[in-house]
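> Compute the structure for the input listed below.
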Amino acid sequence: MQWSLFVLILMGQCSFFPCHLYEYHFIREGKSWEEAQSYCREQYTDLATVSDMRDVERLTNSPQTDAWIGLHSISSTERSWHWSLPGVEFKTSETDWGTGQPDNGATEENCVVIKDQQWHDHPCMNHVGFICYNEPNQTYHCRTETKSWLEAQSYCREHHTDLVSGFKQMNSTEFKKKLKGLSNPANYLWIGLFRDTWSWSDGKNFSFRHWDLDSSKDEASKTCAMTTSNGKWSSDTCTDKKPFYCYDDKLILIKESKTWDEALDYCRENHRDLVSITDPHQQRWVQEKAKMADTEFVWLGMRYTCTLDLWFWVIDRLVCYDNWAQQEKTRQVHCDLATAMKRDGEWYKKADYEKFNFICAK
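This next block holds a predicted model:
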């Protein structure tokens, strides 16, 4: 193919296309949660893991009924902190707790408010103001009407993107300006930090939750999650018989160290291709897979062409989404470079003769 024609083809490839890295399967037969888990692991990959609202919409297209998913409560006491916004991981080294916080108070305080630029754990059912984050233009919206934490989360997801989440967002200049502009900045405001006892059957660390406002998830005997007729989640006793959702993984991590070209040949001979990432949703799933690699980096299906002076995916698409590490954004490029993902999810420009594990799309 002539290069001019190749460029013209690529130039139209930045539009969104729903390339799924996993498939959901609705199983009508009623089983207990553990029976459903065993069935999914035998026939597919595992009980359904849900990472964001796009996954919720995919499940919503299935029959609307109470059906098990892969979320379950592993302990009645051990709770882990999470951010509400998908893809933002909680790090103990990146916090702004007030003095003596979190203290869990006299009642269960599993959600977090910000006051005077510091964080305080707070009962999730209390009604306070809140701060939403809007992803497309990276703006912040403070709401003075009071809601519970779940109500605030639902409002932000419906009208914006999510509750403000992550150390980076809350230390941004824009966010601090927004707080200073409040008429009473000392008021409590919900942020997207919460803690719970729930985890996914396949071991993924996704923090996404989609609880119904009337969910009974905190009842001690109801420790397995399910979808409901309105598309949101509730929980029930794990021994109850219900239909369920499985998922089938379309990614495979190859724990062999190969050059980029060797990795590409391997994937095309044995599966489909080296994996391509075209949006944050796909990034989260590939990042989870990369965490299990034996090498510090894994190859992705992106390469640099000197002839055209651009990066492109092996599926013949331009790079419209990226997750370069900060130092890589300004690093000079040269021939024979390909893209590798570090286990923390950031991308790096690596000489294609280096040898790493790699991820194939099946």
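
> Show me where the stretch 101-250 of the chain has its helices.
For the stretch 101-250 of the chain, applying DSSP state H, counting those that start in this stretch gives helices covering 149-159, 167-170, 173-180.

> Would you indicate which residues of the last one are buried?
When you say that, I think you mean helix 173-180. 175, 178-179 (16 or more other Cβ atoms under 10 Å). (C-beta placed from N, C-alpha, C; glycine too.)

> just the first one next, same as before
Using 16+ other Cβ under 10 Å as the burial criterion, the residues of helix 149-159 that qualify are 149-157.

> Surely residue 358 is in contact with residue 270?
No - using Cβ atoms under 8 Å, residue 358 is not in contact with residue 270, being 11.4 Å away.

> neighbour count winner among those two?
residue 358 (31 against 11; other Cβ atoms under 10 Å).

> From residue 33, how far off is the nearest residue to residue 69 once chain neighbours are set aside?
Of all residues beyond its chain neighbours, the one nearest residue 69 is residue 48 (4.6 Å), with distances taken as Cβ to Cβ, 6 or more residues apart in numbering. Per Cβ to Cβ, to the nearest Å, residue 48 is found 12 Å from residue 33.

> what is in contact with those two at once?
Common contact partners of residue 48 and residue 33 (Cβ atoms under 8 Å, 6 or more residues apart in numbering): residue 244.

> neighbour-wise, which of the two wins?
Taking neighbours as other Cβ under 10 Å, residue 48 and residue 33 compare with residue 48 leading, 30 against 27.

> Pull the contacting residues for the more buried one.
Residue 48 touches 24, 40, 59, 69-70, 244-247, counting by Cβ under 8 Å, 6+ apart.

> I'd like to know which of those residues are part of strands.
Those of those mapping onto strands are 24, 69-70, 244-247, per DSSP state E.

> Neighbour-wise, give me the winner out of those residues.
Ranked by the number of neighbours (other Cβ under 10 Å), the ones in strands among the contacts of residue 48 place residue 244 first, at 29 neighbours.

> Look up the residues forming beta bridges with that residue.
Beta bridges link residue 244 to residue 27, residue 68 when assigned by DSSP bridges.

> same deal with the one 10 residues further on?
With DSSP bridges applied, the residues forming beta bridges to residue 254 are residue 358.

> quick one, what contacts it?
Contacts of residue 254 by Cβ under 8 Å, 6+ apart are 263, 266-267, 357-360.

> Swap in 10 Å and give it another go.
By Cβ atoms under 10 Å, 6 or more residues apart in numbering, the contact set of residue 254 is 263, 266-267, 270-271, 274, 293, 298-299, 356-360.

> got a markdown table for these, with secondary structure too?
A markdown table is the format used below for the contacts of residue 254 (DSSP: H, G, I helix; E, B strand; the rest coil):
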| residue | secondary structure |
| --- | --- |
| 263 | helix |
| 266 | helix |
| 267 | helix |
| 270 | helix |
| 271 | coil |
| 274 | strand |
| 293 | coil |
| 298 | strand |
| 299 | strand |
| 356 | strand |
| 357 | strand |
| 358 | strand |
| 359 | strand |
| 360 | strand |
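
> which of these are buried?
Using 16+ other Cβ under 10 Å, the buried ones in the contacts of residue 254 are 263, 266-267, 271, 274, 293, 298-299, 356-360.

> what's the closest of those to residue 316?
Using Cβ to Cβ, residue 274 comes nearest to residue 316 of these, at 12.7 Å.

> Residue 352 is in contact with the closest one, correct?
No - here residue 274 lies out of contact with residue 352, judged by Cβ atoms under 10 Å, at a distance of 11.7 Å.

> intersection of neighbour lists for those two?
260, 263-264, 299, 303, 338-339.

> Relative to residue 199, which of those is nearest.
Closest to residue 199, out of all of these and judged by Cβ to Cβ, is residue 299, at 29.4 Å.

> ok, that closest one - contacts?
Contacts of residue 299 by Cβ under 10 Å, 6+ apart are 254, 257-264, 267, 274-275, 293, 338-341, 350, 352, 354-360.

> Skip the chain neighbours and tell me the closest residue to it.
residue 358 (3.9 Å).

> so what's that neighbour up against?
Per Cβ under 10 Å, 6+ apart, neighbours of residue 358: 252-260, 262-264, 266-267, 274-275, 290, 293, 295, 297-301, 340-341.

> how close does it get to residue 163?
For residue 358, the distance to residue 163 - Cβ to Cβ - is 36 Å.

> Over to residue 242?
30 Å.

> neighbour count winner among these two?
It is residue 163, of residue 242 and residue 163, that has more neighbours when counted by other Cβ under 10 Å, with 27 against 20.

> give me the beta-bridge partners of the more buried one?
Beta-bridge partners for residue 163, by DSSP bridges, are residue 132.

> What's the separation between residue 165 and residue 208?
11 Å.

> who's more crowded, those two?
residue 165 (25 against 21).

> Now stretch 71-90: buried residues?
Quick answer for stretch 71-90 (16+ other Cβ under 10 Å): 71-73, 79, 81-88, 90.

> possible to save those residues as a markdown table with distance to residue 308 and pLDDT?
Shown next, in a markdown table, are the buried residues of stretch 71-90 (distance: Cβ to Cβ, whole Å; pLDDT from 0 to 100):
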| residue | distance to residue 308 | pLDDT |
| --- | --- | --- |
| 71 | 45 | 97 |
| 72 | 49 | 97 |
| 73 | 52 | 94 |
| 79 | 51 | 89 |
| 81 | 45 | 96 |
| 82 | 42 | 96 |
| 83 | 38 | 97 |
| 84 | 40 | 97 |
| 85 | 35 | 95 |
| 86 | 33 | 93 |
| 87 | 30 | 89 |
| 88 | 34 | 92 |
| 90 | 40 | 94 |
